[in-house]
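Peer 1: no sequence on hand, only this structure:
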């Protein structure tokens, strides 16, 4: 029986153009899964749309000289066109500024309020007399309450990684006008998330998700506390209560409801206004939400809690395949730093299926991964051209020349033929299991294993030799027929990832109906019809030359150099003189890093486990922008071993590792020749 599958990808923030890093986390995996489920002939609805409210948008719009509406209109269209270019198969792509979004958001608020999960409170907030308004965190800068850094942001200090409330800043001021800010009382509404802890814990214990998702969610749930869900602003969904002008609902509260409002818009446009209920209010629906790891708290805890507080039984997420981060040549994508790929320029030279395959083959499923130009060339030339394209071309050209471009008979199978057909079947099953369990990297491996299987079989059978005598012709035809079966299976299992290419292969095999409207199970077990007319073979992929990749790498570094402001070297001033006794007070030891992991809610801090030989220490270090956790394992570092323990972001640090600093770049000091515990003099 057909299964009802509701699929969502995280609503992209309409505050700038998307890049391949975003695509790898929530969008390509979602599209591949949707295409796979449609081949299962399930009732699939794939929903996405732009997230268009929030303080970040008003800030960016002001800086760009646009109204918030002009700003989101621009990037909604930019990102929508990118999704089209990448051949994403959304059933509907909505936006949270459409007029119907407000109604379900208000309903969520009213139900939570009526059921005792929202509390009204008077709080002190930062107010600008010069601007005559309250300022949200993103508009605020000031002195860090922990380290004293003068340019600390309203929610986190970029210098020490501390997280705090904006009201904790010393000497707070407006980011836009530099005007001083004062505390002023204002009314806000709080979602009492702590009331959902027990329900959420029981619910999440029933999930068989990735360990990193479950563990992160459980930790977050235990720390849940009442959170303000309203802001002082005019850009957002207003509060559905009287006398609340100038108050809007926080974007983190209303944006997830955008999945529901987008489905409602789809239903309206489909001429079936109530059809959305058959997905969101049916417990038999399978809800799969694709997100990046930074969205885990909202999808694994907060939005489920909001659904638990409703009077209607909204469907809660069944599968949450959150992915890690996808980088560019070892660093985060950043347009401001010139470290990005110009997508308009990219698609003038490369195809959609090339980038879809390369991203899928390196999907950040269990750890951060990256796009590199050399790897892109290697996978395009070695996999897509050398294995996949080569098999398709050689088989179809041979069939054209020796079989009159028709599917020959599949008769008198030898053991090698039977083994080949059985291996095709097993490979298709492996691909099925990979897609079913959200393993795109494995699916890519299976696709290429099948292509290589076909190439090896074709070479071992040497059908060109069987064309020389009439008595060996049946054997040649059997070989070709088996290879054509391999191509049909190859088109089937590669369709979710490289749909354009798979469709071309499918049609070159003489199939009239569209591959996307076919049934996986039927195709996996049905041979091609004898005598079916094959179409003219076409080249699927072109070789990417070394010179071209060298130009791409050079262009990337040129953009980064151009984006970096030219300035004279600004050496840090020397500190006050000390005598030798001050130096001798420091106990410097060699330690081996045995484990490293990010500190929750910090973009800068890593928690390191360091073996000093005589004991093990937990040390917090602000080096996450310069080092991946996995790259630190095994390094021998210099530790200040007699530094008093201190807590950073709630984690105790029992020492400090030595680093060299140049601007924003950090490099740890290593001494690999000495064993752990050695003194550094």
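Peer 2: Alright, I've got the coordinates. Predicted, not measured: the structure shown is a model, and the values here were computed from it.
Peer 1: I'd like the next helix or strand past the lowest-mean-pLDDT helix or strand in the chain.
Peer 2: In the chain, no helix or strand scores lower on mean pLDDT, DSSP states H and E than helix 520-525, which sits at a mean of 74. Next in sequence after helix 520-525, counting helices and strands by DSSP states H and E, comes helix 546-563.
Peer 1: what's the following helix or strand after that following helix?
Peer 2: On the C-terminal side of helix 546-563, the closest following helix or strand by DSSP H and E is helix 580-584.
Peer 1: looking only at pLDDT, what's the mean for that following helix?
Peer 2: For helix 580-584, mean pLDDT rounds to 83.
Peer 1: quick one: it to chain centroid distance?
Peer 2: Computed by C-alpha atoms, centre = their mean, to the nearest Å, the separation of helix 580-584 from the middle of its chain amounts to 49 Å.
Peer 1: how far away from the center of its chain is stretch 238-246?
Peer 2: How far stretch 238-246 lies from its chain's middle: 35 Å, per C-alpha atoms, centre = their mean.
Peer 1: can you pull the buried residues of it?
Peer 2: Using 16 or more other C-beta atoms under 10 Å as the test for burial, stretch 238-246 gives 238-240. Placement of C-beta: from N, CA and C, glycine included.
Peer 1: same deal with stretch 177-188?
Peer 2: Within stretch 177-188, the residues that count as buried by 16+ other C-beta under 10 Å are 181, 186, 188.
Peer 1: so for the first one, what's the pLDDT?
Peer 2: Same thing as residue 181. In this prediction, residue 181 carries a pLDDT score of 94.
Peer 1: and if you look at the second one?
Peer 2: Model confidence at residue 186, given as pLDDT, is 90.
Peer 1: surely it forms part of a strand?
Peer 2: Yes - assessed with DSSP: H, G, I helix; E, B strand; the rest coil, residue 186 lies in a strand.
Peer 1: okay, and the beta partners of the nearest residue to it once chain neighbours are set aside?
Peer 2: Using C-beta to C-beta, 6 or more residues apart in numbering and skipping residues adjacent in sequence, the residue nearest residue 186 is residue 125, 5.0 Å away. In this structure, residue 125 bridges to residue 184 when assessed by DSSP bridges.
Peer 1: residue contacts, residue 125?
Peer 2: By C-beta atoms under 8 Å, 6 or more residues apart in numbering, residue 125 lies in contact with 134, 167, 183-186, 188, 232.
Peer 1: distance of it from residue 337?
Peer 2: 33 Å (C-beta to C-beta, to the nearest Å).
Peer 1: for the stretch 501-650 of the chain, give me the ranges with low pLDDT.
Peer 2: 524-525, 565-573 (pLDDT under 70).
Peer 1: quick one: classify residue 315 as helix, strand or coil.
Peer 2: Secondary structure state of residue 315, per three-state DSSP, is coil.
Peer 1: give me the neighbour count for it.
Peer 2: Using other C-beta atoms under 10 Å, residue 315 is surrounded by 19 other residues.
Peer 1: quick one on the thing from earlier: just the buried residues of stretch 238-246 now: which is nearest residue 228?
Peer 2: Nearest to residue 228 among the buried residues of stretch 238-246, counting by C-beta to C-beta, is residue 239 at 11.9 Å.
Peer 1: the closest one against residue 249, yeah?
Peer 2: Yes - because the distance of 6.3 Å satisfies C-beta atoms under 8 Å, residue 239 is recorded as touching residue 249.
Peer 1: surely residue 520 meets residue 429?
Peer 2: No - counting by C-beta under 8 Å, residue 520 sits too far from residue 429 to count as a contact (10.7 Å).
Peer 1: more crowded one of the two?
Peer 2: The neighbour count for residue 520 versus residue 429, taken as other C-beta under 10 Å, is higher for residue 520 (20 against 13).
Peer 1: tell me how far that one lies from residue 493.
Peer 2: Taken as C-beta to C-beta, the span from residue 520 to residue 493 is 9 Å.
Peer 1: same thing with residue 226?
Peer 2: Computed as C-beta to C-beta, the residue 226 to residue 493 distance reads 49 Å.
Peer 1: more neighbours: those two, which one.
Peer 2: Taking other C-beta under 10 Å, residue 226 and residue 493 do not tie; residue 493 has more neighbours (27 against 16).
Peer 1: tell me the spacing between the more buried one and residue 390.
Peer 2: Taking C-beta to C-beta as the measure, residue 493 falls 17 Å from residue 390.
Peer 1: with residue 632 instead?
Peer 2: If you measure residue 632 against residue 390 using C-beta to C-beta, the figure is 41 Å.
Peer 1: and what of residue 96?
Peer 2: According to C-beta to C-beta, residue 96 stands 46 Å off from residue 390.
Peer 1: now residue 564
Peer 2: 43 Å.
Peer 1: between the two, who's got more neighbours?
Peer 2: Between residue 564 and residue 390, residue 390 has the larger neighbour count (other C-beta under 10 Å), namely 18 against 13.
Peer 1: which stretch of helix or strand covers the more buried one?
Peer 2: Using DSSP H and E, residue 390 sits within helix 390-403.
Peer 1: report all helices and strands that that helix contacts.
Peer 2: Contact analysis of helix 390-403 by 3 or more C-beta pairs under 8 Å, 6 or more residues apart in numbering; DSSP states H and E lists helix 440-461, helix 473-494, helix 499-508 as its packing neighbours.
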